[in-house]
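Chemist: Got a sequence here, can you build the structure:
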Amino acid sequence: MEKITGKNNDLIKSVKKLLSSSKERRVNNSFVLEGARLVFDALNSLCRIKCFLVTESAYNKYHAQCDELIAKADKAYFISDEISAKLSETENAQGVFAVFDIKEKPIEFKADGKYIALDNVQDPGNLGTILRTAEALGIDGLIIGGGCDLYNPKVLRATMGAVFRVNTVRCSDASDMLINLKEQGFRIYATSPSSSAKPITDIDFSNGCICVIGNEANGISDRVSELADDLITIKMLGRAESLNASVAASITMWEMLRNE
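Modeler: Numbering: from 1, shown residues only. This is a model prediction of the structure:
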C-alpha cells in the first residue's frame with residue numbers, strides 16, 4: 001500500500017478541506033470520519049468508502065479492522081504521523097481517517113411514529129448529542145431544519161456512530177416539511193419556555209407526532225410556532241429561564257416514548 005509523507009499532497013489537502021468546510025462537503029457530497037471507533041462503526045453502513053488513510057502504528061494496532069476497510073475502500077494509503085497530526089481535529093490523533101460518500105436514507109414516516117424536528121439548531125455538540133439520544137431512546141427519525149451541518153466533524157464525534165443508524169432528513173427550513181406532515185395527520189408540538197405553554201407531562205403522545213426543538217438563542221421560529229398544534233414546556237423549579245437544546249430534546253424524547 002502506497003505511503004503518503006508530504007503534507008502538501010493534493011489528496012491530503014482535499015481531506016483537510018472536507019474536514020473544515022461544510023461547502024466543500026456539500027459540493028463533493030463527501031465527509032470525513034476520524035478515529036478508530038467512528039471509522040470502524042461505519043463498516044456496516046451503506047456509505048461508500050472513497051478513501052481510507054491510516055498510520056502504520058494504527059494499522060498494527062487495529063490490523064483486522066483496517067484490512068476490512070482496505071478491502072472495501074476505493075483507495076487506501078498509509079500516512080505519516082506528521083500528516084495524521086495535520087489532519088486531526090482532536091488533540092491526540094489516532095491515525096485513522098476515512099472519506100465517505102454522503103448517502104442518506106429517506107425517512108418513511110409512520111402514521112404512529114414519534115419524530116423530533118430541529119429548527120435551526122446551531123451547536124455541533126447539541127446536534128450530535130440529540131442524534132445519539134434519539135438512537136438510544138428509539139425515536140423514529142430526525143428532521144434537521146437548517147442550522148449546523150450534520151457532517152461537521154464535531155457533530156460526528158458527538159453522535160458516537162448514531163449518525164449511521166438514525167433515520168434523518170435535512171432541509172433548509174423545517175416548517176415546510178412540518179406543514180406537509182401536519183396535512184398527513186401528525187400533531188406538531190413546539191417546545192417553548194413560555195408560561196402559557198402546556199406542561200409536557202400533560203400531553204398525550206400516543207398517536208403520531210413531531211416535537212420541535214428550537215434554536216439555542218432564539219427558540220422556535222414564528223412560522224413553526226404558528227403551525228404547531230400546541231406549545232409545550234418542561235416545567236422547571238429553579239431560576240433558569242431555559243434548558244440547553246440537547247437537554248430539552250432528551251427530556252422531550254423520553255416523555256414521547258415513556259408510555260410505549
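Chemist: count of residues packed around R165?
Modeler: When neighbours are defined as other Cβ atoms under 10 Å, R165 has 14 of them. All C-beta atoms are positioned from the backbone trio N, CA, C, and that covers glycine.
Chemist: Now do the contacts for it.
Modeler: E135 (Cβ atoms under 8 Å, 6 or more residues apart in numbering).
Chemist: Please report the distance of it from G128.
Modeler: 13 Å (Cβ to Cβ, to the nearest Å).
Chemist: Then I143?
Modeler: Taken as Cβ to Cβ, the span from I143 to G128 is 16 Å.
Chemist: A248 too?
Modeler: For A248 relative to G128 (Cβ to Cβ), the value is 15 Å.
Chemist: tell me the SS of the nearest residue to N244 once chain neighbours are set aside?
Modeler: Spatial nearest neighbour of N244, excluding adjacent residues (Cβ to Cβ, 6 or more residues apart in numbering): N126 at 7.0 Å. Secondary structure, DSSP: H, G, I helix; E, B strand; the rest coil: N126 is helix.
Chemist: what does the one 4 residues further on give?
Modeler: Put simply, I130 is helix when judged by three-state DSSP.
Chemist: Enumerate every residue touching K114.
Modeler: So K114 contacts 139-140, 205, 208-209, 253, 256-257 (Cβ under 8 Å, 6+ apart).
Chemist: which stretches of the stretch 101-250 of the chain form helices?
Modeler: 124-137, 153-159, 174-183, 222-227, 245-257 (DSSP state H, counting those that start in this stretch).
Chemist: Reformat the ones you listed as a markdown table; add mean neighbour count and distance to E82.
Modeler: Formatted as a markdown table, the helices of the stretch 101-250 of the chain follow (neighbours: other Cβ atoms under 10 Å; distance: least, Cβ to Cβ, whole Å):
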| stretch | mean neighbour count | distance to E82 |
| --- | --- | --- |
| helix 124-137 | 22 | 27 |
| helix 153-159 | 22 | 20 |
| helix 174-183 | 17 | 43 |
| helix 222-227 | 15 | 48 |
| helix 245-257 | 20 | 36 |
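Chemist: right, and those - which one's nearest K86?
Modeler: helix 153-159 (14.2 Å; Cβ to Cβ).
Chemist: who's in contact with the closest residue in space to K61 that isn't next to it in sequence?
Modeler: Excluding its sequence neighbours, the residue lying closest to K61 (Cβ to Cβ, 6+ apart) is A36, at 8.0 Å. By Cβ under 8 Å, 6+ apart, A36 lies in contact with 58, 61-62, 65, 94, 96.
Chemist: Relative to A174, how far out is A36?
Modeler: For A36, the distance to A174 - Cβ to Cβ - is 34 Å.
Chemist: Grab the nearest non-local neighbour of I144.
Modeler: R170 (4.8 Å).
Chemist: That neighbour: what's it in contact with?
Modeler: R170 neighbours (Cβ under 8 Å, 6+ apart): 104, 144, 150.
Chemist: One more: D140?
Modeler: So D140 contacts 107, 109-110, 113-115, 167 (Cβ under 8 Å, 6+ apart).
Chemist: same thing with F100?
Modeler: F100 neighbours (Cβ under 8 Å, 6+ apart): 30-33, 42, 45, 47-50.
Chemist: On the strand side of things, show who it bridges to.
Modeler: F31, I49 (DSSP bridges).
Chemist: Could I get the pLDDT score of it?
Modeler: Per-residue pLDDT puts F100 at 94.
Chemist: Please apply the same query to the one 4 residues further on.
Modeler: For E104, the pLDDT comes out at 73.
Chemist: residues near the nearest residue to it once chain neighbours are set aside, how many?
Modeler: For E104, ignoring the flanking residues on the chain, the nearest one in space by Cβ to Cβ, 6+ apart is T168 at 6.3 Å. Other residues within reach of T168, judged by other Cβ under 10 Å, total 18.
Chemist: Cool, thanks, signing off.
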